[in-house]
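Q: Sequence and predicted structure are below.
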Amino acid sequence: MTDIRKLYILLCGYEIIRKSGCIRGEQPNIILALPICCYLMETVRGFVMFDAGLDSQNLSDVMASRARYVNDRFPSPPVVLPEHEVLPQVAALGVEPEDIVEIVLSHAHGDHTGHLNDFPNARVTIQKMEYEAAFADTGRANFAEYGSPSIRWNIIDGDTELMPGLDLVLTRGHQPGHQSAVVRLPDSGVKILIGDVADLLENFEREVLGSSMDDAAAIESIRRLKRIAKDTAGELIPLHDPNFVQSARLAPLFYS
């Protein structure tokens, strides 16, 4: 029994990162272009998004974008081309911003919160620990994206069935209250939206970490999602893996 009808993968841009930022111990001179993705689900209750991409307006000022995004892990700012823009992709599917009734936020980093305020009718579901950590840090560059008083929050605490066929799983480590989603589709079976538990499928295969605030929790989250995939015959859907995205069904194609 599932309320999910279709799952779209929206490619929203790319982040330029050293591979050592994805997998510890890798050579820092190896540079990867990691996709930024978010997901649109057509459900019997309306349209649901998982994450909200990156706001390209933050890239318009070259000097400001370098100051905001460039650091030891990221040698260049992100790339968002016109074909990566979230709102036109949603519109091309015949969906208006007002049609989005729910946004599930994996965590409050800027490549996930960019378009939160563009969907006025959406309730935003977040884990309690992530909400508290995000609002305790008002100095974040993307605070205005999730700090708007107009956002209608649905704060959950731990694993939650949002609706039949959409289970939210607390996967701590990368951030204090990071969450992933287990999506059950009528024909394609189980798709596991891992969010930022790890950047690459290689992290899961080798059980090695990249960026983490809590290493013990992060490795357990990797192992937990692997167990879920095994128990459900499900597929891990990485948000940032550049190899996966080249063979995935990207919108307007979908999984049903």
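A: On my side now, so go ahead.
Q: tell me the centre residue of the chain?
A: With the centre of the chain defined as its mean C-alpha position, the nearest residue by CA atoms, centre = their mean is residue 195, 4.2 Å away.
Q: Report the contact partners of it.
A: Taking CB atoms under 8 Å, 6 or more residues apart in numbering, we find residue 195 in contact with 50-51, 106-107, 112, 171, 174, 178-181, 239. All C-beta atoms are positioned from the backbone trio N, CA, C, and that covers glycine.
Q: Could you find the closest non-adjacent residue to it?
A: The shortest distance from residue 195 to any non-neighbouring residue, by CB to CB, 6 or more residues apart in numbering, is to residue 106 (3.4 Å).
Q: A helix includes the one you found, no?
A: No: residue state for residue 106 (DSSP: H, G, I helix; E, B strand; the rest coil) corresponds to coil; a helix is not indicated.
Q: going forward, begin numbering at 577 instead of 1
A: OK, 577 is where the count begins now, so the last one is residue 682.
Q: Quick check on it: phi, psi?
A: For residue 682, the backbone dihedrals are phi -60, psi -40 (criterion: degrees, to the nearest 10).
Q: Quick check, it in contact with residue 627.
A: Yes: using CB atoms under 8 Å, residue 682 is in contact with residue 627, at 5.5 Å.
Q: Name the residues contacting each of these two.
A: Shared contacts of residue 682 and residue 627 (CB under 8 Å, 6+ apart): 688, 771, 815.
Q: so which helix or strand takes in the first one?
A: The reference is to residue 688. Per DSSP states H and E: residue 688 is located in helix 686-689.
Q: Tell me which helix or strand comes right after that helix, heading toward the C-terminus.
A: With elements assigned by DSSP H and E, the helix or strand that comes after helix 686-689 is strand 699-703.
Q: Now do that next one, average pLDDT.
A: Per-residue pLDDT over strand 699-703 has a mean of 98.
Q: then that strand to CSV, C-alphas only?
A: The C-alpha trace of strand 699-703 is given here as CSV (Å, rounded to 0.1, in the frame of the first residue of the first chain):
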residue,chain,number,x,y,z
ARG,A,699,4.4,22.6,5.0
VAL,A,700,8.1,21.9,5.7
THR,A,701,9.0,18.8,7.6
ILE,A,702,12.2,18.8,9.6
GLN,A,703,13.7,16.8,12.4
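Q: which residues touch it?
A: Strand 699-703 is contacted by residues 677-681, 684, 692, 710, 722, 727-734, 736, 738, 744, 746, 753-755 when judged by CB under 8 Å, 6+ apart.
Q: Please list the members of those that lie in helices.
A: 710, 722 (DSSP state H).
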